[in-house]
Every structure is written in structure tokens, then in C-alpha cells.
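*Asks:* generate a structure from the sequence data that follows.
(chains A, B, C and D)
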4 protein chains.
Amino acid sequence: MTIGLALIGAGRIGKVHARAIAQTPGAKLVAVTDALAEAASGLAAQYDAAVKTIDAIEADADVAAVVICSPTDTHADLIERFARAGKAIFCEKPVDLSVARVRACLAVVRAEKAKLMLGFNRRFDPHFRAVKAAIDAGRIGTVEMVQITSRDPAPPPPAYAAVSGGIFRDMTIHDFDMARFLLGGEVETVQASAAAIVDPEIGRAGDFDSASIILTTADGRQCQISNSRRATYGYDQRIEVLGSKGAVSAENQRPVAIEIADAEGFHRPPLHDFFMTRYIEAYAAEISHFVAAIENGTAIAPDGEDGLKALIIAEAALLSVASGRRVALSEI
Amino acid sequence: MTIGLALIGAGRIGKVHARAIAQTPGAKLVAVTDALAEAASGLAAQYDAAVKTIDAIEADADVAAVVICSPTDTHADLIERFARAGKAIFCEKPVDLSVARVRACLAVVRAEKAKLMLGFNRRFDPHFRAVKAAIDAGRIGTVEMVQITSRDPAPPPPAYAAVSGGIFRDMTIHDFDMARFLLGGEVETVQASAAAIVDPEIGRAGDFDSASIILTTADGRQCQISNSRRATYGYDQRIEVLGSKGAVSAENQRPVAIEIADAEGFHRPPLHDFFMTRYIEAYAAEISHFVAAIENGTAIAPDGEDGLKALIIAEAALLSVASGRRVALSEI
Amino acid sequence: MTIGLALIGAGRIGKVHARAIAQTPGAKLVAVTDALAEAASGLAAQYDAAVKTIDAIEADADVAAVVICSPTDTHADLIERFARAGKAIFCEKPVDLSVARVRACLAVVRAEKAKLMLGFNRRFDPHFRAVKAAIDAGRIGTVEMVQITSRDPAPPPPAYAAVSGGIFRDMTIHDFDMARFLLGGEVETVQASAAAIVDPEIGRAGDFDSASIILTTADGRQCQISNSRRATYGYDQRIEVLGSKGAVSAENQRPVAIEIADAEGFHRPPLHDFFMTRYIEAYAAEISHFVAAIENGTAIAPDGEDGLKALIIAEAALLSVASGRRVALSEI
Amino acid sequence: MTIGLALIGAGRIGKVHARAIAQTPGAKLVAVTDALAEAASGLAAQYDAAVKTIDAIEADADVAAVVICSPTDTHADLIERFARAGKAIFCEKPVDLSVARVRACLAVVRAEKAKLMLGFNRRFDPHFRAVKAAIDAGRIGTVEMVQITSRDPAPPPPAYAAVSGGIFRDMTIHDFDMARFLLGGEVETVQASAAAIVDPEIGRAGDFDSASIILTTADGRQCQISNSRRATYGYDQRIEVLGSKGAVSAENQRPVAIEIADAEGFHRPPLHDFFMTRYIEAYAAEISHFVAAIENGTAIAPDGEDGLKALIIAEAALLSVASGRRVALSEI
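*Replies:* Take a look at the predicted model:
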């Protein structure tokens, strides 16, 4: 049996998912839609899919599932619509910038018993999965401290803050999900400081580009996250977990793993330029998980609740930056 | 335009190439043949290709190129046959175990002006390519010393020596090609010592499992190769190049790049289990180069001459082990 | 000219300094005192020094400087006494557990124009100094984010909290000084969370064994510190600094830098067992700096003010843990 | 009891040993001699030793042992003289450039039952010792292949060949000793190629600056050595050992272990500048071993026989370069 998928949005991340679908046995991209006609037709042609309207996709019996890569402000409506249409749904994070809107949307998903997967791709990175597997296998005992270093190569345009919801909802949200994934227990409080150091314009737009965050669990375990929108040496993505019996870590991946030595010393090339190359295997594994869950009726993770919880931490972080307080998630 | 390819041989390496073809834009696997009917039909079904006889492939106008992955003793005949049929040819190394037979075969290829590419996949590994690019960019000055460490995870069955032609023609031949690729000049002499240390049965079959080789160029530059058929920690593939201004090296690639720390120290998982996973990107890039050369009429490298030269070094190495002498390639 | 030094306290850290003095050209250990007579006489014999009382040391014209390694609660009194006696003073951190007492003590030091150096040994580690030198040379642009990972191999006995003043005044104080050293600007606020995860007895004694701290400067630059009293793999001491143009880091040092590979993977031995071996070069360089400052009349750093500032950050961190607030140092 | 030592030769390596003696409990430098009066008096003053003639040292009952750091052509005579005088002898390698002269000298040592230690300092490097300890502990099974990479930062003046005896007797001799140390069995044959690539003047002086060597044992186990007189990135000293159950390696040591990352990538400083800094711990441990052997009457290793065996391998390597043959040590 082949699962037919429709792609909603043929932009940068849409292309990543189209390729992932093409590489997944048992899956087939059957339809593409995009507000930009050319974007849709180009991608459709490449993968032998049809260009269709959202209405047509909704009505298409050959479409078992949709992959939503359209702008964030369309996500919640589309999720509700396709949930009601009986399609399995993969949606890029976040469901919405508003916690209330996400809660309403997830109520529909629950009512419709729809399958909803959130695009926290990093959970599918083979190296981070191996970190998680080591924890689950008891290799480091009880998790006590998590350290996540997550830095983009270069800042987005300041105007991006308006659509992204700011650094915590856009960028750190991945780290919040990773913290929950690794801590093995729910986050209870957040402390955060943040500033616009890289680009003052980002600050004037009401956003930050440099942030430090402490998350704690009810039993006192801690996670620290370090974010910057500028790492000149490439996309910096590292995790470390300290446990009662040891530690496990995943270093940065390198697209070209050579070293040149000369009179100045030893030199290695920069890291990946961004997420499309760094997480190429993760995107493929993510879609593969989604398709397998549809095929086999198995559980989906991360799901809508995971998306909601990460968003709540983002809200709490914003409140902590502003108030200086340690903010409990229960306040959000 | 799409280039149609036929696969001759649907075994382990044939499957690797079938996947590489499927991932190459502008290429399509149109036919598969194998002495084992099931192997051919399974692979053909997976990639929507037809099962055909060699005769039918030869006559098929939709087949622009063949990828030869059949047993070594069929290579030379197949190359000649498809060269005469006007097909572009990709052939797994070696062309033949006999230098004389290879020379005769290449004469046919030249006479027919056929395109022939040899499967020295390591030249297409992105890390080794980056080493080569650093050399070509003058980063280390003139190449003076090359060190190649090349170890298989586990020895083949002793009987394999009879079909493989022994360690130098089967395994080290890749290192000989890499030495030529990196030295940037022809090898002139060979000194070698070898023994069956890992498995005495391999020795009784007339082969070796552990070998040390020194290659020199006419101007005194040197390459050392270290081979073993057993590296318990995985497929060990490293190169180092020392030049007049510095050095460049490529370390082992790791399928799972995590580190676990505990009271015993720091632990990383083993290397790749073998070439199919270690060189997955190289196999894709290799086929992509072959297809591009057909499409654009550009030069092919490595070609039949490269295959011949590596085989000649293998012969010289065998003679050096037996005689103890530094053997000149001109003797072969 | 040889500088005569007297050692006040012949315990664990006293022995480290005695050896450092012996290795410093132009310095000589002339006297040792300790509440434990045997400790004093043993060390004195080893380095050909005299056992003397504190009174005698104070009166001894051959003693140009004292190295105070006695219990913390004696530091401030001894500093004042030797400042009045005209001796140069090296004192292990902290001057006192009370900020008020430190301020009073430093007033005496200033009034007497005494030379006072604080034992923040890590500033003299050659690797951390190289990090600082890279920053000062402009290699990474403006410092934006500092990450300090600092973990002891094993927790102290719970009763230790009473004499040490707790984790922030005892252990993190080194990290607070390192943060100031690397940030190149004063810390303005502190946010912290801490818990007794490793040993609940430590919690019952009113202390913590696991802490996460965010420091910020007036211009929004940030430092994160991660502390644990238990790292089974050894004494974990790492720093990373992100700047506008790049980053610089110092990895852990390894007493035995070998790697063993086997069927389970790759294995390296644990880190240093604790500060006496990890910072052996730093202790020597620290005493060398102290002696050179006496000889040449050059400035001493870190001095008493550095000790006070680190202690104030520790106080603020304690207040932040308890209150949940971002605490300004100006509150202390 | 304190062992009194006399230093014969106060040059570069003499100074290294004087410092090592000063740091060795139970040892005392009592006398120094050197053809250059100033060199002797300077070093003697620094360590509170007397300047004496060789005759006076020979007659001095307070001198239990001599450390010979004078020019190579004086070694054999001095060893014989001090052996007859009943002194324990530490001698820098080699005993002599002539195998015959070494054999004669060792006959005297044996006849006098003198203690003679050869200065193969690398055996005392803590990292290489840990490699050896891992082998001896059975961590890698039976040793099968050894790889030694040994490169100087810069070539010596061409005229040095005349006094050093050439690269094999001067530089590679350390690697030959290390090969014996690690292989755990005697070397039986040598194959070598060498050239003057770095500096043609070295070639005109009859020496080489780049060499590749294969050593084999009677049971077919192999060691490869790669030498160059020029590594622009510093003093390159690495060993790798492959065994039946795994491998063990020691990477280069770094004087400053930081990494700088910027838009060009990741950068680490060069290696140690030469042996005096790279092997500082080894020199101290070596003298400590010598002194302990005198004090306790325990066995000395490496001894004169080890020096002879390494020299014989050097002779065989020279013969192999010239003849192209695999040379048996039994031929020398």
C-alpha cells in the first residue's frame, strides 16, 4: 500500500519535505499547493505530483495525509480543516503563536481523533536519538543536568520578529522540545535573560538575538539553553546530558571532516550552513516516522501536545525576561 | 533528457548502485540482469525497471549506459561487448585479475572510443575530495608523504582469495588508486611485506590479511599503506598527506557521533560496519559523475587506465612480498 | 635577590603552594606554620624551611611575603595582621564568607597599601590564559556569551557546607571570577536555580550540589555557569566564549591522552581526579606572578577587590535561588 | 640516602637532564663538566653543583652516577671509563655510530657489571607508557601492526649529517626503539625508502630528510614508520598499535589546547616546538627511573643492548635504502 501525501506550501522547508517523501518507501507525493503558483508547479513537476487547490486536496481520496509548510498564521485553521476531513496531518511548528489558539485547535484534533504530528525535526537526528537511546538504556543513570547550545549562523531580518513570534517561539522552541525530550519529565519553571546584542534593530522590533535560559523540573533537575542568532563558524547544535552515573553528548556534525595543518596550527572547515543541510537525515526520518504511523496505526510523537508544551515554555521565558522572575508554567 | 541505465548484476554492490541511480536527477534504471532470476526481478520491481537478458540490454536503444556489477571474471568480456555496442560503461574494479587481459580490453575500449569509468568510489567521498581540493588549492605546498590506513572490519572467507585475486588486487587496489590520486604523480616503485596473521587459513589459501606497503615516485616522494582485514572497531579508512607547507588529513567518519562518559572514561561507538554505509555518499556522487559525463560529453575519471595502473601496482606489491625487492612498475 | 615566603597552613593546598614556591626562581620558602605541628615540620623539612609561629613570621625580616592556606575563618584576621606588618600577602579564596567582613578587611589592606593577591588559580591555567589572550587579541570580536562548565568529581561531606559557606561561595566562586575575567566588564545581575540532587543530605545541610546560573552585564551580555558536585568521569572544567566574530574554547585536559578501540567502540581514560593535578601548572604560574609582582613592584591580579566581587555574585546567586528573582549586585 | 650525579656535557640536552635531576627526590647534581667552561659554570651555579674535570668526577666518591650528554663520538670511551670506575651510567643515544664499537663497549660494561641506561626518553612519556600498559593489560589482544609517525619541525643544517650519522641513526633510532618496545618481540627484517625532499643539500651531504620504513618480526607482524624533517605545524609524534582485539593510539600533545572558531572554520595552535617541551615529563621520569634503579638495585631499561639493537636496525635500514632489498638484521 502506498500512502498519498499532499504538500501545503512549496517554500524552503516544503522542498525539504518533498525530497524526504520521495525517499520514503511506501509514500508518494500526489499533490502540491502554494499561494505562489510557480512554486507549486515547479515542485509538482519534479516529483510527478499534481498541482491542486486546498479544496481539491481536502476532497481527494488519494490524499491520506497532508504536510503543512505554509505560513504560521495558517497552521491552526488548516489543521482543523484537515482533521475534520479525516486526513493525517504533519505540521511544521508552531501550531500558532497564541497558546489559546493552539488549545482550541488541539481540542478539534482530539474531537476528530485526528493524527497530528509536529515538526520537531531534531528528535529524529540520528546523533540526538543516540543520546536519547543511551539515556533510556540507563547508561548515565538519572538525568540531572541538560545543556543545549543552539546558535544560528546569522540573524534573520528584524522584521521577521513580527511573523515568527520572536526568538523563543521561533528558534528556542526547538530547544524547549529537546529539553523535554531529554529531561524525561515535565519542565516546571523558567528563568531567562535575553538581549539584542547582534543587531540592535532586532531589539527595536521587540525581539532578542541572544538568550540564556534555565529550565527546572519539579524535582530540581535543570536544563540550560544558550541561544545566539550569530555563529560565524556555522550552525552550532550541541547537546550534553549529565546523569548520576555519567554523561552523554552529541558534538556538532561537519559537512567536510578534514583538517589542514600549517605553521599557524590546525584548521577545520566551518559547520553546516543551516538546518536544511545539518538535519537532512532528521527530516527524512521524521517523514518516515509519520508515514509508518499512518500505515501501522502506531503512536505519533511529537504530537500536538508536545507543540503546545514547548509554546507554553516560550511564553514563560518571555515573561521571565520581562519580569526577572522565575516563572512557573502553571501561570501560562 | 534522461539517461537510461542497465544494471548488470543485482548483488550487494548492484543494489548500492541501483539506489544511487534512483537518486541521480536525469538518470533512470531501465533494465536489470542477474544470473539469479530472483535477484534481478526483486531489484527491477523496486525501481520500476525491466528484467532483461544481456542480449536484450545490448540491443536496447533506451539503454545508454551499463553498470557492471557482475563477478570479476566477466568484467573484461562485458566491457568489450558493450564498448562495441556503443554503450557508456561503468565497471566495478578490477577490469580483470590479469594485467594482460586488462591491456587487451582497454585496447578495445580505445578502438571503440567507448566511455569507461572504473568504480574507485573513494575518489568521490566528500571528505577525501576535500583533501584533494586542499592539495590542489596549494594549501600544503608540494605533496611529500602520503599515509593511508585502510582496514576491513573482518576477514573474508579464505576461499575468497581465489576469486578476489588476493588482498592487493581486491582491497589494497583502492588504496593504490588513492595514492595515485593524492600523490599527483605516478608511482615508480613498490616495497611490501605481508602475512596472514588474522587467519592462518587465509595464508594457506595463498593470500595475506595484513600488509605494509611503501610506494615511491620518481622524485622520491613516498606513500605508506597499512592494511588489515580485521579492525574490531569498524571499517577504518583514513588518509594523511604531508606537504612542504603543511598537512591535510581526513579522519574516520562516524555513523553515530555521540560520546558517553562514565567512571571508566569516555566512550564513542564503533565506526561504520563496512563500505556500503561508509561510502554511501561516494557511491551516489560516483554515479552522478558518470551520468553527467555521458550527458555533457565531459571526461571520465577514474577510467580504464586508472584501473590498469592500480592493478600493476598490485602485481608489483605481490612480487615485492615474494622477492623482498623494491620492484619497479616498469617490470610488470 | 631572593624573596623569602612563609606558608601559613600546611594542608592539602599548602603543599601545592610549597612545591610551586620551590619551582619559582627567585623565591624561597623560609618558614611554615600550622596548627598541626607535624604537618608544619614535615613540609618544612622537605623544603629546608623553618617551623615558626605566626608571631615569629610576622617579626621575621627574611619573610617578605606570606601565603595563607589556613581555614577560611582565619583569612581576614591574618590578612589584616600581615598587611600591618608590611608583608605581601597571597591568600586562598575567599577572604571571608561575609561580604561585610571582606569589605572591612580590604579597607585595612588599602590603608596599609599592602599587596594582596587572591588565589583564583584558574586565571593562570595556560589554556584559559590562551583563551583570554585570544579575546584580548581581537580574535573573536566583542565577547557576547560565556559558557562555563565546572563539575567536581564527587560531592564533599554534607557537613562541609557549614565551613565552606555552600557551593556558591566555595566552588562557583571560581566560576564567578572566571566569568568576570572573560566577560571583560562587570556583572550586573544574577539568576540562579539550584538543588541537592546528588546527595539529599547536602540539601538537609542547607546547601546545593547542582546549580545553573545566568549572569548578565549592563549591556546585555550573558554568562551561563553549570555546576555539579558529581562528574563520575573526572574533574570537568571547560569554558567557551562566543563573540561577534567567532568563538574560543578550552576543552578538558587529559592526564593520559590515549584512545583504545575495540568491538564496543573507542575509549579514552577519565579526566584529572581533581584540582591539584588539573591545575598544577596554574598553581606554579600563580605563585610566579605573585613573586614577580613583589620583585618588580608590578600590579597584582586577581586582588582583594576581585575576591570581593566574586563573593558578592555568590551572595546574589543565593538570593536568586531563594527568591526566584533576577538579583542586581547593587542589592548586596 | 641521596644519589650524587655528575653531568658530562652542559649543552641543550644536558640542561634538560640537570632540571630533571633537581626535580628527582633522592638525587642531587654534584658536579658538572663541559669542554666549554662557561656552560659548565653556569649550570653548576644554577643547581649548586661543582665544576669538575672528568678525572675529578671519576675519582669523586660522592658521584655515584654520571649522565653523559657530551658529543656522540665521546660516548663509548666515557662509558667504558666510568664503567671501570664503578659509576652507574646514563648515556644519551647512541653509544656510537659504529655497531662494532658499540659491541666492544658493551662487552666492557658487561665485564664490569656496570649499570648502563640509554636515553630513549620516549619510553617514559606518560602517554606512550599508557599505550604500552594497555597492550600489556591485554586490552588489544596480540599486537599485529604498529604505526609510528615521527616528524621534526624543521631540518637540521646539512652538515649535521656528518656528526649525527644520518637520519636513521639520529632521529629514526628513537622510532626503532619504540617499535621494539611496542611490538613485544624482536624485529627481523627492514625495508626502507628515503630521499632528500625537504632540502637537497641534505641529500648532497649523503643524508635523507624523508623516510618510510617497514619492520617485520619473525611471525609476520609489521611496523611502519614515517619520518620527515619538516612538519610546519610542530613536532609530530604519534603512535598507533593494532591488535587482534582492538587498537590503541596516542595522539599529539598540545601545549595550548584551545580552539578558535570564525568564518573560516575552527583553528587550534601548532604542536610543541620540539622535544625539550614535548617530552619534558618523559625526561623527568627517565632520570627518576635511573635513580630508582641505582637506589634499589632494580633492572634498568632501556639498557645498552636496547641501544645496540636500535642501531642495528638503523644500519639495516640504510642498507635497504641503498640496495632496495628487505634486509635481515642478522646480516648486520
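*Asks:* so residue A:233, which of the three states?
*Replies:* coil (DSSP: H, G, I helix; E, B strand; the rest coil).
*Asks:* and the lowest-mean-pLDDT helix or strand in chain A, what's buried?
*Replies:* Taking mean pLDDT, DSSP states H and E as the measure, the helix or strand of chain A with the lowest value is helix A:160-164, at a mean of 89. Residues of helix A:160-164 classed as buried: A:160-161, A:164 (neighbour count, 16 or more other Cβ atoms under 10 Å in any protein chain shown). For the C-beta atoms, the positions are set from N, CA and C on the backbone; glycine is no exception.
*Asks:* how about stretch A:246-254 and chain B, touching?
*Replies:* Yes: interface with chain B: stretch A:246-254 contributes A:246-251, A:253 (Cβ under 8 Å from any Cβ of the partner chain).
*Asks:* quick one: contacts for residue A:190?
*Replies:* If a contact means Cβ atoms under 8 Å, 6 or more residues apart in numbering or on different chains, then residue A:190 has A:213-215, A:313, A:316-317, A:320, A:326-327, A:329 as its contacts.
*Asks:* and the gap between it and residue A:152?
*Replies:* 21 Å (Cβ to Cβ, to the nearest Å).
*Asks:* closest residue of the stretch 51-200 of chain A to chain B?
*Replies:* residue A:130 (4.4 Å; Cβ to the nearest Cβ).
*Asks:* for residue A:207, list the residues it contacts.
*Replies:* A:158, A:161, A:164, A:166-167, A:196.
*Asks:* may I have the phi/psi pair for the residue of chain A most remote from its centre?
*Replies:* For chain A, the largest distance from the centre (Cα atoms, centre = their mean) belongs to residue A:263, which lies 42.1 Å off. Main-chain dihedrals, residue A:263, degrees, to the nearest 10: phi -60, psi -20.
*Asks:* that one - nearest residue in space that isn't next to it in sequence?
*Replies:* Of all residues not flanking residue A:263 in the chain, residue D:232 sits nearest, at 4.5 Å (Cβ to Cβ, 6 or more residues apart in numbering or on different chains).
*Asks:* contacting residues for residue A:191?
*Replies:* Applying Cβ under 8 Å, 6+ apart, the residues near residue A:191 are A:213-214, A:320, A:325-327, C:191-193, C:214, C:324, C:326.
*Asks:* per-residue confidence averaged over the helix or strand where it lies?
*Replies:* Taking DSSP states H and E as the criterion, residue A:191 maps to strand A:187-195. What strand A:187-195 shows for mean pLDDT is 98.
*Asks:* same question for stretch A:65-73.
*Replies:* Stretch A:65-73 comes out at a mean pLDDT of 96.
*Asks:* next one: stretch A:278-295
*Replies:* Across stretch A:278-295, pLDDT averages out at 96.
*Asks:* same question for stretch A:137-149.
*Replies:* 98.
*Asks:* quick one: is that stretch near chain D?
*Replies:* No: taking Cβ under 8 Å from any Cβ as the criterion, stretch A:137-149 and chain D are apart, separated by no less than 12.2 Å.
*Asks:* who touches that stretch?
*Replies:* Under Cβ under 8 Å, 6+ apart, the answer for stretch A:137-149 is A:134-135, A:175, A:178-179, A:182-184, A:221-226, A:236-248, B:260, B:262, C:147, C:149, C:197-198, C:210, C:212, C:226, C:228, C:240.
*Asks:* what does the stretch 151-300 of chain A put close to chain D?
*Replies:* Counting by Cβ under 8 Å from any Cβ, the stretch 151-300 of chain A sits next to chain D at A:231-233, A:261-270.
*Asks:* related to what we said a few turns ago, for the buried residues of helix A:160-164, give me JSON lines that also has distance to residue A:299.
*Replies:* What follows is these, written out as JSON lines (distance: Cβ to Cβ, whole Å):
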{"residue": "A:160", "distance to residue A:299": "34"}
{"residue": "A:161", "distance to residue A:299": "35"}
{"residue": "A:164", "distance to residue A:299": "30"}
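*Asks:* and those, which is closest to chain D?
*Replies:* Checking these one by one against chain D (Cβ to the nearest Cβ), the nearest turns out to be residue A:160, at 22.1 Å.
*Asks:* which helix or strand contains the residue of the stretch 1-150 of chain A found nearest chain C?
*Replies:* Chain C sits closest to residue A:144 of the stretch 1-150 of chain A, with a gap of 5.1 Å, by Cβ to the nearest Cβ. Applying DSSP H and E as the criterion places residue A:144 in strand A:143-151.
*Asks:* pairing partners for that strand, with directions?
*Replies:* Sheet pairing for strand A:143-151, assigned by DSSP bridges, gives strand A:222-228 (parallel), strand A:236-243 (antiparallel).
*Asks:* can you give me the offset of it from its chain's centre?
*Replies:* A distance of 16 Å separates the centroid of the chain from that of strand A:143-151, by Cα atoms, centre = their mean, to the nearest Å.
*Asks:* next: stretch A:4-17.
*Replies:* How far stretch A:4-17 lies from its chain's middle: 15 Å, per Cα atoms, centre = their mean.
*Asks:* show me what it is in contact with.
*Replies:* Taking Cβ under 8 Å, 6+ apart as the rule, stretch A:4-17 contacts A:18, A:21, A:27-34, A:36, A:39-40, A:42-44, A:49, A:52, A:54, A:57, A:60, A:62-71, A:78, A:90, A:92, A:276, A:280, A:283, A:287, A:291.
*Asks:* report the buried members of the residues you listed.
*Replies:* A:18, A:21, A:27-34, A:39-40, A:43-44, A:49, A:52, A:54, A:57, A:60, A:63-70, A:78, A:90, A:92, A:280, A:283, A:287, A:291.
*Asks:* neighbours around the residue in the stretch 101-250 of chain A positioned nearest to chain B, how many?
*Replies:* As assessed by Cβ to the nearest Cβ, chain B sits closest to residue A:246 within the stretch 101-250 of chain A, at 3.4 Å. Other residues lying near residue A:246 total 22 when counted by other Cβ atoms under 10 Å in any protein chain shown.
*Asks:* just the buried ones from the residues of stretch A:246-254 next to chain B, in PyMOL syntax?
*Replies:* To isolate the buried members of the residues of stretch A:246-254 next to chain B in PyMOL, using 16+ other Cβ under 10 Å:
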select buried, chain A and resi 246+247+248+249+250+253
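*Asks:* picking that back up, could I get the strand holding residue A:191 in PDB with only the CA atoms?
*Replies:* What follows is strand A:187-195, C-alpha atoms only, in PDB (Å, rounded to 0.1, in the frame of the first residue of the first chain):
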ATOM      1  CA  VAL A 187       9.500  21.400  32.900                       C
ATOM      2  CA  GLU A 188       8.000  23.300  35.800                       C
ATOM      3  CA  THR A 189       9.800  26.700  35.900                       C
ATOM      4  CA  VAL A 190      11.700  29.000  33.600                       C
ATOM      5  CA  GLN A 191      14.300  31.800  34.200                       C
ATOM      6  CA  ALA A 192      15.600  33.700  31.200                       C
ATOM      7  CA  SER A 193      17.600  36.700  30.200                       C
ATOM      8  CA  ALA A 194      17.800  38.000  26.700                       C
ATOM      9  CA  ALA A 195      19.100  40.900  24.700                       C
END
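*Asks:* that one to strand A:222-228, inter-axis angle?
*Replies:* Angle, strand A:187-195 to strand A:222-228, by axes from the mean of the first three to the mean of the last three Cα atoms, to 10 degrees: 30 degrees.
*Asks:* so what strands line up beside strand A:187-195?
*Replies:* In the sheet, strand A:187-195 lines up with strand A:210-217 (antiparallel), strand A:327-328 (antiparallel) (DSSP bridges).
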